[in-house]
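[1] attaching a predicted model along with its sequence, questions to come.
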Amino acid sequence: LAPLLPEENLLAEALSAALSIQPEYYRADALITLAPLLPEENLLAEALSAALSIQPEYYRADALITLAPLLPEENLLAEALSAALSIQPEYYRADALITLAPLLPEENLLAEALSAARKIQDEKYRADVLKTLADKLSQIENKQLFSHWQETLHILSLRTRSNLLSDIKSLTPVIFSLGGEEALRDVASAIVDVSRWWR
């Protein structure tokens, strides 16, 4: 029914009905269908609030992934990010972070997402999130970016060689933003030098 409802008050009524659905899988499914149709910010805020209360975390992640691009206000995005960071299975947390990263408007929200990305243990999930964040991070002022880069490089360097190489590859836009092609060449040269020690 949702895509056929012409009036805002009917969509509000549909949202109200969706929020009362008890099996959370079906509630999440209804929210995912309704979210793109909700015309008012207060309805989106209500949908987000409902999504955050969904207990199986993979359903919550799915709902957040659908809602995130529709959230108009920074405080709602901050709320969505906070909810994403609390998701325990790393795959679902990474998925939610990948969706949120390009939307985060504030440098402090990006820093929060970067901090969460660095803590992801799985190499592939972490690399995917870092790659998404790198594009957004490379747009911020170099002084702030350098601070993030230093801290991130230190943390990532404590992992295995394959992890470090994968993470550096994901962060190439950040390296380029900080120092252009010369910085990329320097990093590549440093990797070659260090790899000699690992043999």
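    Okay, I see it.
[2] state the distance from the residue sitting nearest the centre point of the chain to residue 88.
    Per C-alpha atoms, centre = their mean, the C-alpha nearest to the average position across the chain is that of residue 97, at 1.7 Å. As for residue 97, its distance to residue 88 is 13 Å (criterion: C-beta to C-beta, to the nearest Å). Backbone N, C-alpha and C define where each C-beta goes, glycine included.
[3] could you do residue 61 as well?
    Applying C-beta to C-beta to residue 61 and residue 88 gives a distance of 10 Å.
[4] so which of these two has more stuff around it?
    residue 61 (25 against 8; other C-beta atoms under 10 Å).
[5] pLDDT value on the more buried one, please?
    Among the per-residue scores, residue 61 holds a pLDDT of 85.
[6] and the next helix or strand past the helix or strand containing it?
    For residue 61, the enclosing helix or strand under DSSP states H and E is helix 57-67. Beyond helix 57-67 in the direction of the C-terminus, DSSP H and E gives the next helix or strand as helix 74-85.
[7] buried set for that next one?
    76, 77, 78, 79, 80, 81, 83, 84, 85 (16 or more other C-beta atoms under 10 Å).
[8] what's the answer for stretch 135-142, then?
    So, applying 16+ other C-beta under 10 Å, buried residues of stretch 135-142: 136, 137, 138.
[9] what would those look like in a markdown table with pLDDT?
    Converted to a markdown table, the buried residues of stretch 135-142 look like this (pLDDT from 0 to 100):
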| residue | pLDDT |
| --- | --- |
| 136 | 89 |
| 137 | 90 |
| 138 | 90 |
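[10] looking at the residues you listed, which is nearest residue 170?
    residue 137 (11.0 Å; C-beta to C-beta).
[11] helix or strand: which one has the residue lying closest to that closest one once chain neighbours are set aside?
    Distances taken as C-beta to C-beta, 6 or more residues apart in numbering place residue 174 nearest to residue 137, at 5.4 Å, with adjacent residues excluded. With elements taken from DSSP H and E, the one containing residue 174 is helix 172-198.
[12] run the chain-centre distance for that helix.
    26 Å (C-alpha atoms, centre = their mean, to the nearest Å).
[13] tell me what it is packed against?
    Packing contacts for helix 172-198, counted by 3 or more C-beta pairs under 8 Å, 6 or more residues apart in numbering; DSSP states H and E, involve helix 123-137, helix 142-156, helix 161-170.
[14] perfect, that will be all.
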